[in-house]
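[1] I would like the atomic coordinates for the input below:
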Amino acid sequence: MYRNIMVPVDGSPFSREALLHGVRIAGQCRAKLHLVRVATTTVMSSLEAPSPVADTSGNHRARELADMYQIANECRGSSTVTVTASLLEGPICDALEGYIARHRIDLVIMRSHARHGLARAWFGSVADKLIRNTGVPVLVVRPPSLATGLENGFRFKRILVPLDGSPLAEKSLHAAIELARLDGAVITLMRVVPSSRDLPTEMRSPRGPASDRAVTQAESYLRSLHPALSEPGLEFLPKVVIADDVATAILDTADSHEIDLIAIATHGRGAVGRAAAGSVADRLLRESAISTVVVHPQLLVANAEPAATLAAEPSFAI
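    Residues are numbered from 1 along each chain as shown. Prediction:
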């Protein structure tokens, strides 16, 4: 269960979406909600700035601080959540990472910004650095579609967890289960099998152009998870998809199954590694219209507190 949830805010309408989820999840977990803003210049005064720096103007800093207090008071007035508001200084990623470490933040909630130009590049770099350098799950929220919004409000009722059978990303499933417990969500466990159109007909799966053996192994793998994951109130559904493009398969499945949240892990490679390997998590963050929670499993394991965890958790490290 989450204890300390951080929501970076910048005074823009975008961060209000993350605040709504932050107040909701903190209330359900009885967690402390940390609202954090990094002081900026009057010229670069929003999260869409590519490189914010500390402001030397007392008036501007006072306005930013007053805005933080107002937002915190609004959160307190509409919930019973304990809320703190902090105005930080310094390079934005360094400031946020330092705050996460000092206050033992175990979930970061951010709202995606514009999808083009500097705003897109800046958002991707900040989310990417927080994921790679802290190991804390980062939940990137998007507005719900009209259908899911009318049905679910701000709740996550259908969660998709892509898996590849490797041990690297165990905590992607752990993060999904933590959020599913709060809303009673159904979790779909997804395995992507690459297509093999050159196989002889007798070796092909009845489900499509892929090895029958590979599809059968994928189905068995997903079924094998149920004993380790089963608990009252949670429902798990298996889903095997034949595709060559993993990211596109995940996005298509999420769309066709009206998924509210995708939970996925990343290797946390740097820019060169991502360019060479093609980060599925990075593509989902940038292309998905659905909220996404991303974790760095290796850092999570290194920083984890000794506590009871899942007996056997699968992973999808990308």
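
[2] quick check: Ile177 touching Leu229?
    Yes: assessed by C-beta atoms under 8 Å, Ile177 is found in contact with Leu229 at 7.4 Å. Backbone N, C-alpha and C define where each C-beta goes, glycine included.

[3] neighbour count for the two, which is higher?
    Ile177 (21 against 17; other C-beta atoms under 10 Å).

[4] and stretch 94-109, how far apart are its ends?
    Stretch 94-109 has an end-to-end distance of 17 Å (criterion: C-alpha to C-alpha, to the nearest Å).

[5] neighbouring contacts of it?
    2-8, 18, 21-22, 25, 31, 34, 36, 38, 86, 88-90, 126, 129-130, 133-134, 136-139, 141 (C-beta atoms under 8 Å, 6 or more residues apart in numbering).

[6] just the buried ones from these?
    2, 4-8, 18, 21-22, 25, 31, 34, 36, 38, 86, 88, 126, 129-130, 133-134, 136-139, 141 (16 or more other C-beta atoms under 10 Å).

[7] from those, which land in strands?
    4-8, 34, 36, 38, 86, 88, 138-139, 141 (DSSP state E).

[8] determine which two of those are furthest apart.
    Distances among those were taken as C-beta to C-beta; the most separated pair is Leu88 and Val141, at 21.6 Å.

[9] output the below-cut-off pLDDT ranges for the stretch 101-250 of the chain.
    113-125, 144-153, 167-171 (pLDDT under 70).

[10] residue ranges for the strands of it, please.
    107-111, 138-141, 158-163, 186-193, 204-205, 208-211, 235-242 (DSSP state E, counting those that start in this stretch).

[11] what would those look like in JSON lines with distance to Arg223?
    Formatted as JSON lines, those follow (distance: least, C-beta to C-beta, whole Å):
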{"stretch": "strand 107-111", "distance to Arg223": "30"}
{"stretch": "strand 138-141", "distance to Arg223": "29"}
{"stretch": "strand 158-163", "distance to Arg223": "12"}
{"stretch": "strand 186-193", "distance to Arg223": "9"}
{"stretch": "strand 204-205", "distance to Arg223": "16"}
{"stretch": "strand 208-211", "distance to Arg223": "18"}
{"stretch": "strand 235-242", "distance to Arg223": "6"}
